[in-house]
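Enquirer: need a structure here:
(chains A, B, C and D)
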There are 2 protein chains.
Amino acid sequence: MSAPRQSLDIQTIKISCELCSLAELCLPRGLNEAEVRELDEIVKRGRPIQRGKHLYRMSDQDHSLYLVRTGSFKSYLSTDDGDEQVVGFHLPGELVGLDAFETGRHTCSTMAMETSTVCELPGEKLNHVCRSVPGLHNQLQSLIGKEISADHSMLLLLGKKSAEERLASFLVSLSRRFSERSFSPVEFNLCMSRQDIGNYLGLAVETISRLFARFQEDNLLAVDRRLIKIKDLPRLKSLVSRPTKKD
Amino acid sequence: MSAPRQSLDIQTIKISCELCSLAELCLPRGLNEAEVRELDEIVKRGRPIQRGKHLYRMSDQDHSLYLVRTGSFKSYLSTDDGDEQVVGFHLPGELVGLDAFETGRHTCSTMAMETSTVCELPGEKLNHVCRSVPGLHNQLQSLIGKEISADHSMLLLLGKKSAEERLASFLVSLSRRFSERSFSPVEFNLCMSRQDIGNYLGLAVETISRLFARFQEDNLLAVDRRLIKIKDLPRLKSLVSRPTKKD
DNA sequence: TGGGCACCTTGATCCAGATCAAGAAAGCTG
DNA sequence: CAGCTTTCTTGATCTGGATCAAGGTGCCCA
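Expert: Residues are numbered from 1 along each chain as shown, chains lettered A, B, ... in the order given. Below is the predicted model:
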């Protein structure tokens, strides 16, 4: 009732896919105006999710997909014996929730790393709209393919790469993703802890910390807490794959 | 022309989804007779693919999906510096080719590990049939979800598990998959080399060899070249997750 | 404005699994 | 079936990154 006017305005603005700045990265990509409006009809835009709160948890029943609108999320598996594996970080415009596609129950948990918002796509309605808007179906397929290819790259990273290559890959990937979102590719804030990075990359926190120190010594980066400045992106990229071994 | 009658018969039999023994695992699962017939219309059943030949290669343009009918395949990524990462093994009834969903070009290569056959689902026709057969759309979604969840489990395996846990997981997973296909869950032939297993599990061949030796000593397995007899499946399963560490 | 906590860094030591180095066994080919 | 090649095994040694240990640093909240 007595909420300050500013905050009221923000909450009552009708945010549509048409006006959303993420349109070029997100599901509307390549759709025409009428098609975007059809998509817009079924999108549910929820309340912000606080840092540390879950979008969903492993084994929750759920038939929706989600697109990150603002903020960032991590997805992770938990094992019986209590440890966790981070399987992905999600930035605005990225798709989350495919893990419930098999059975209608989530096989991983997804948690906000900062206060974040998502667009929800209720499964049944989405299928229905996909039938009448083939372009949407294609774009969804493309996002699914992206997810699968990204997972494959992670398998390569975890199966074959050294600690140095892993962190370099990670930073280069973040750089590219920030740049696609019109942020600087060479200066950004990490939204996740060293702990999360290490977990995701299959390395101990201490190793992450040491690598940041070394990259800084080598004049590749300037690191200040979670703020990263990439001082030599080409050289960082060159660290992503080993300087050729046998063959 | 003068091919022996036996082989002629095999090649000319009209193999339909309706009659296929894999129906309960594969795309027809849960569809009614009429729906299966509609699916059947678009399925292209190709010539056998010899051991070592590719179903497709990385960066091939391709809009089809494939279902393994007989035999087995491996999918792998190749890096610039010439090494490879196996990202999956595929048994009859399993879906292959999602990696081209993003851009219409494959991001990994898929090779037959023995003489094998597939059912091809041409992309455009598949989309079209999915529109009129919702059950098919659901079943396809389920297979996509399965793929994603399986990749996540592999990330956990590569990120957190010990060599012993990795090989145990691998064998238990094979056991389950063979059993779903009405083969013995405790006695089967590996269709892949130790090299491939090691590569897939992020371990050296020597480690695989030593682990097989140790599992055999411990009376968990009887190993004869590629023939595996699981002598104590419950105990093998118990090795899949660590006996609890910190917390 | 200081006390507690979560997060991060740095150093010392250790070890699982890689790598190197020989063979042995099984398949393939002429 | 002799000679190759490929695949697998087994032993010896080495090492990248884990683990253990001990602070440091910034931040939240009373």
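Enquirer: beta-bridge partners for the residue most central in space within chain A, please?
Expert: Central residue check for chain A by C-alpha atoms, centre = their mean: the C-alpha nearest the mean position is that of residue A:90, 1.3 Å away. Judged by DSSP bridges, the bridge partners of residue A:90 are residue A:73.
Enquirer: would you check that it makes contact with residue A:70?
Expert: No. The criterion here is C-beta atoms under 8 Å, and residue A:90 misses it with residue A:70 at 11.6 Å. Glycine gets a C-beta too; all of them are placed from N, C-alpha and C.
Enquirer: now the helices for chain A?
Expert: In chain A, the helices defined using DSSP state H lie at A:5-12, A:33-42, A:123-132, A:134-160, A:163-180, A:194-201, A:205-217, A:233-238.
Enquirer: make a markdown table from the ones you listed and add distance to residue B:125, mean pLDDT and mean neighbour count to it.
Expert: What follows is these, written out as a markdown table (distance: least, C-beta to C-beta, whole Å; pLDDT from 0 to 100; neighbours: other C-beta atoms under 10 Å in any protein chain shown):
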| stretch | distance to residue B:125 | mean pLDDT | mean neighbour count |
| --- | --- | --- | --- |
| helix A:5-12 | 46 | 43 | 9 |
| helix A:33-42 | 22 | 91 | 15 |
| helix A:123-132 | 15 | 92 | 17 |
| helix A:134-160 | 13 | 96 | 20 |
| helix A:163-180 | 33 | 97 | 19 |
| helix A:194-201 | 39 | 98 | 21 |
| helix A:205-217 | 48 | 97 | 16 |
| helix A:233-238 | 41 | 97 | 14 |
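Enquirer: of all the ones you listed, which one is nearest chain B?
Expert: helix A:134-160 (2.7 Å; C-beta to the nearest C-beta).
Enquirer: show the contacting residues for the residue lying closest to residue A:78 once chain neighbours are set aside.
Expert: Closest residue in space to residue A:78, ignoring its immediate chain neighbours: residue A:84 at 5.2 Å, by C-beta to C-beta, 6 or more residues apart in numbering or on different chains. Going by C-beta atoms under 8 Å, 6 or more residues apart in numbering or on different chains, residue A:84 touches A:76, A:77, A:78, A:199.
Enquirer: restricted to buried residues, select the residues you listed in PyMOL.
Expert: Only the buried members of the contacts of residue A:84 enter the following PyMOL selection, criterion being 16 or more other C-beta atoms under 10 Å in any protein chain shown:
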select buried, chain A and resi 76+77+199
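Enquirer: return the residues in contact with the residue lying closest to residue A:71 once chain neighbours are set aside.
Expert: Of all residues beyond its chain neighbours, the one nearest residue A:71 is residue A:116 (2.4 Å), with distances taken as C-beta to C-beta, 6+ apart. Applying C-beta under 8 Å, 6+ apart to residue A:116 gives the contacts A:48, A:49, A:68, A:69, A:70, A:71, A:72, A:73.
Enquirer: gap between residue A:116 and residue A:70?
Expert: Here the criterion is C-beta to C-beta, to the nearest Å. By it, residue A:116 lies 6 Å from residue A:70.
Enquirer: likewise residue A:230?
Expert: Taking C-beta to C-beta, one finds residue A:230 at 24 Å from residue A:70.
Enquirer: who has more neighbours, these two?
Expert: Neighbours were counted for residue A:230 and for residue A:70 using other C-beta atoms under 10 Å in any protein chain shown; residue A:230 has more, 22 against 13.
Enquirer: which strand residues bridge the more buried one?
Expert: Residues in beta-bridge contact with residue A:230 (DSSP bridges): residue A:221.
Enquirer: for the closest residue to residue A:143 other than its chain neighbours, which residues make a bridge with it?
Expert: Once flanking residues are discounted, residue A:143 sits nearest to residue A:95: 4.5 Å by C-beta to C-beta, 6+ apart. Beta bridges link residue A:95 to residue A:67 when assigned by DSSP bridges.
Enquirer: next up, the contacts around residue A:95.
Expert: Per C-beta under 8 Å, 6+ apart, neighbours of residue A:95: A:27, A:65, A:66, A:67, A:143, A:144, A:146, A:147.
Enquirer: ok, is stretch A:226-235 in contact with DNA strand D or not?
Expert: No. With C-beta under 7 Å from any atom of the strand as the criterion, DNA strand D is not reached by stretch A:226-235; the gap is at least 9.2 Å.
Enquirer: quick one: end-to-end distance for that stretch.
Expert: Using C-alpha to C-alpha, to the nearest Å, the span of stretch A:226-235 from its first residue to its last is 21 Å.
Enquirer: and for it, what's in contact with it?
Expert: A:171-172, A:175, A:185-191, A:219-223, A:236.
Enquirer: can I assume residue A:152 is in contact with residue B:148?
Expert: No. Using C-beta under 8 Å, residue A:152 makes no contact with residue B:148, being 11.1 Å away.
Enquirer: which residues do those two both contact?
Expert: Overlap of the contact sets of residue A:152 and residue B:148 (by C-beta under 8 Å, 6+ apart) is empty.
Enquirer: residue A:198 contacts residue A:211, correct?
Expert: No. Applying C-beta under 8 Å, one finds residue A:198 not in contact with residue A:211, separated by 9.8 Å.
Enquirer: about what we covered before: who's the residue nearest to residue A:71 bridged to?
Expert: Beta-bridge partners, per DSSP bridges, of residue A:116: residue A:49.
Enquirer: from residue A:34, how far off is it?
Expert: In terms of C-beta to C-beta, residue A:116 sits 30 Å off from residue A:34.
Enquirer: for residue A:27, same thing?
Expert: 15 Å.
Enquirer: up against DNA strand C, what does chain A have?
Expert: Residues of chain A lying close to DNA strand C (C-beta under 7 Å from any atom of the strand) are A:193-195, A:205-206, A:208-210, A:212-213, A:223, A:225-226.
Enquirer: so which of those is the closest to residue A:20?
Expert: residue A:226 (26.7 Å; C-beta to C-beta).
Enquirer: hang on, the earlier thing: TSV for the helices of chain A, including distance to residue B:126?
Expert: Shown next, in TSV, are the helices of chain A (distance: least, C-beta to C-beta, whole Å):
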stretch	distance to residue B:126
helix A:5-12	42
helix A:33-42	21
helix A:123-132	13
helix A:134-160	11
helix A:163-180	30
helix A:194-201	34
helix A:205-217	43
helix A:233-238	38
